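Asker: pasting the sequence and the predicted model now:
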Protein chains: 2
Amino acid sequence: MPRAATTSDAFNAVAEPRRRQILEFLATHERPVSEIVAGLGLEQPSVSKHLRVLRNVGLVRVRRHGRHKLYHTNAEAIRPLYEWTRTFERYWTHQLGRIKERAEAR
Amino acid sequence: MPRAATTSDAFNAVAEPRRRQILEFLATHERPVSEIVAGLGLEQPSVSKHLRVLRNVGLVRVRRHGRHKLYHTNAEAIRPLYEWTRTFERYWTHQLGRIKERAEAR
DNA sequence: TTGACATATACCTATATGGGAATATAAAAT
DNA sequence: ATTTTATATTCCCATATAGGTATATGTCAA
């Protein structure tokens, strides 16, 4: 079985560095594709493809404006990733947690 | 160009659901491979392979104990993911942020 | 309608899977 | 030394890329 599709969930979509860049770039304002191309120095078809993946998992939203399409990051979709990583917070914050953990392991 | 290797960074390693399960399972105590196999209902070779990926990106640590190998999650390696997702926090917490953002977009 | 601009899709290619089965390696037990 | 137990690795296969190039679709302008 091959790896899961990038369109299967936000975790997979975000695994690609360029897509993370795009999400950062679109977090503050909505922007047309051409600005992403110019801003990040990527090929236009490449950007469109990444946007498609991001759109499929709900990480970005679009609206038409004239002949442009304005994309922006939908932060809500990143939240589950945040929540998941956050469940490990206690394990890196308190050294105590680790020491305790090792004691329990015996 | 194919997708980046799962061993390239934590983002890629964590994109696989089973690996996330393993990380959760090994967060509290260290455990031998056999317990992961039994606990998550996966094939042993599959678990070994996932552990290899996780080890390569520093998401888990190992130590020998008799003929067992005890694995445990290295939460520190998850922290960068947490930090990255956290940068989007203001965009989902305050509705204000969004309204402001839309105003700026014009 | 025709042309120019903005995005999206199609097609091709090299590559990295992840699972399953079989086998290899390592270390304790007898 | 041999056997048993615990993990790791190898091989094979179907599949999903991500980039590049060319082309299609969509929308406004003249």
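Answerer: That came in fine, so what should we check first?
Asker: now the helix ranked longest in chain A: buried residues?
Answerer: In chain A, assigned by DSSP state H, the helix with the most residues is helix A:44-56. For helix A:44-56, burial by neighbour count (16 or more other CB atoms under 10 Å in any protein chain shown) applies to A:47, A:50, A:51, A:53, A:54, A:55. Where you see a C-beta, it was placed from the backbone N, CA and C, and this is true even at glycine.
Asker: quick check: residues of chain A near chain B?
Answerer: Contacts of chain A with chain B, taken as CB under 8 Å from any CB of the partner chain, map to A:3-4, A:6, A:11-12, A:14-17, A:20, A:23-24, A:27-30, A:70, A:72-73, A:75-76, A:78-79, A:81-82, A:84-89, A:91-92, A:101-102, A:104-105.
Asker: returning to that earlier point: closest to chain B out of the buried residues of helix A:44-56?
Answerer: Proximity of the buried residues of helix A:44-56 to chain B (CB to the nearest CB) peaks at residue A:53, which lies at 11.2 Å.
Asker: so what's that closest one up against?
Answerer: A:6, A:7, A:13, A:16, A:19 (CB atoms under 8 Å, 6 or more residues apart in numbering or on different chains).
Asker: Throw the residues you listed into a markdown table and include neighbour count, thanks.
Answerer: Output for the contacts of residue A:53, formatted as a markdown table (neighbours: other CB atoms under 10 Å in any protein chain shown):
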| residue | neighbour count |
| --- | --- |
| A:6 | 21 |
| A:7 | 13 |
| A:13 | 26 |
| A:16 | 19 |
| A:19 | 22 |
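Asker: hmm, which of those is lowest in pLDDT?
Answerer: When the contacts of residue A:53 are sorted by pLDDT, the bottom entry is residue A:7 at 87.
Asker: the residue nearest to that one when sequence neighbours are not counted and DNA strand C, how far apart?
Answerer: Distances taken as CB to CB, 6 or more residues apart in numbering or on different chains place residue A:56 nearest to residue A:7, at 4.4 Å, with adjacent residues excluded. Here the criterion is CB to the nearest atom of the strand, to the nearest Å. By it, residue A:56 lies 10 Å from DNA strand C.
Asker: next one: residue A:28
Answerer: Distance, residue A:28 to DNA strand C, by CB to the nearest atom of the strand: 17 Å.
Asker: just residue A:77 next, same as before
Answerer: Counting by CB to the nearest atom of the strand, the separation of residue A:77 from DNA strand C is 18 Å.
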